[in-house]
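Asker: build me a model from this:
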Amino acid sequence: MSSFQIFTPKEITSLRHAGKILAECLELMGSLVAPGITTKELDRAAEEFIRKHDGATPAFMGYHGYPATLCTSVNEQCVHGLPGDRVLEEGDIISTDCGVLYNDLFTDACRTYGVGNISKDAKHLLTVTEQALKDAVGVIKAGTKVGDISATVQGTVEGAGLSIVSALTGHGLGKTLHQFPDVPNYGEKGTGPKLPANTIIAVEPIVCTGKDGIKEADDNWTITTKDGSLSAHFEHTLLILEDGCEVIA
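Answerer: Alright, predicted model coming up:
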């Protein structure tokens, strides 16, 4: 698909419901993240939380064969970290990326949390990455071009002395987990497709403290920074409105 999907009022109601479940799930993850918990335990809690809502299922599970509910990316891991026996330690950071499928509609969101007391550099990374997402949300409305979002994220991140992980981008979603358009985290204002009202996009700054560059781990899922630097990831599913946007999750 290379055109925007426009959603009906009924579909938007379903997306809002899915987004509410997802946002509450990520809040739960934030309350559980602590030294001593394993990423598998977080994943199990997320799956149980989603499935207790009638009709809701984990959107990532089975997607291209992905075996879990969450992506749990720790420290230098950027995205797609597989939950397992890893025990979180004081000073780690962890990105909990999750999706909810409801009435055949997808939502997708991520938060990065500190584990106990974290370093000054890690705090700066989390603060800037989250701010980049907030700044992007602030420029989005019907008629905004994708490049306006990209340039906003890039400006916030690079202005704070950090690096965009350029190979990883936001995207349209709704009927599928990833669809038109791609929403890069770098670019020029006034370029790219123009957003119509009642479409859905995921905006997701993925940022690192070192240099841009990624590599794939041996598990064929986890993507890490090439130089081993810390990476953070914040993501919202957004509904485009005539006069702004609504955070769905």
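Asker: just give me the neighbour total for residue 127.
Answerer: Other residues near residue 127 number 12, with proximity taken as other CB atoms under 10 Å. For the C-beta atoms, the positions are set from N, CA and C on the backbone; glycine is no exception.
Asker: buried residues in the helix or strand harbouring it?
Answerer: In this assignment (DSSP states H and E), residue 127 forms part of helix 120-139. Neighbour-count burial for helix 120-139, counted by 16 or more other CB atoms under 10 Å, picks out 122, 124-126, 128-133, 135-137, 139.
Asker: what are the contacting residues of it?
Answerer: 91, 93, 112, 114, 118, 148-149, 152-153, 155-157, 160, 162, 185, 203-209, 230-236, 238, 245, 247 (CB atoms under 8 Å, 6 or more residues apart in numbering).
Asker: residue 9 and residue 16, how far apart?
Answerer: Distance of residue 9 to residue 16, computed by CB to CB, to the nearest Å: 11 Å.
Asker: so for those two, which residue has more residues nearby?
Answerer: Taking other CB under 10 Å, residue 9 and residue 16 do not tie; residue 16 has more neighbours (18 against 7).
Asker: please report the distance of the closest residue to that one other than its chain neighbours from residue 20.
Answerer: Leaving aside its sequence neighbours, residue 16 sits nearest to residue 248 (CB to CB, 6 or more residues apart in numbering; 6.1 Å). Relative to residue 20, residue 248 is positioned 8 Å away (CB to CB).
Asker: for residue 50, same thing?
Answerer: Per CB to CB, residue 50 is found 12 Å from residue 20.
Asker: equivalent analysis for residue 191, please.
Answerer: As judged by CB to CB, residue 191 and residue 20 stand 34 Å apart.
Asker: residue 108 now?
Answerer: Separation of residue 108 from residue 20 (CB to CB): 14 Å.
Asker: which of the two has more neighbours?
Answerer: Neighbour comparison, residue 108 and residue 20: the larger count goes to residue 108, with 28 against 17 (by other CB under 10 Å).
Asker: surely that one meets residue 177?
Answerer: Yes. Counting by CB atoms under 8 Å, residue 108 does reach residue 177; the two are 6.4 Å apart.
Asker: check which helices and strands the helix ranked longest in the chain sits against.
Answerer: Using DSSP state H, we find that the single longest helix of the chain is helix 9-32. Helix 9-32 is packed against helix 39-51, strand 93-102, strand 105-114, strand 236-241, with contacts defined by 3 or more CB pairs under 8 Å, 6 or more residues apart in numbering; DSSP states H and E.
Asker: out of these, which one sits most buried?
Answerer: Across the helices and strands packed on helix 9-32, averaging neighbours per residue (mean count of other CB atoms under 10 Å) puts strand 93-102 on top, at a mean of 26.
Asker: which elements pack onto it?
Answerer: Secondary-structure packing of strand 93-102 (3+ CB pairs under 8 Å, 6+ apart): helix 9-32, helix 39-51, strand 56-58, strand 70-74, strand 77-79, strand 105-114, helix 120-139, strand 231-233.
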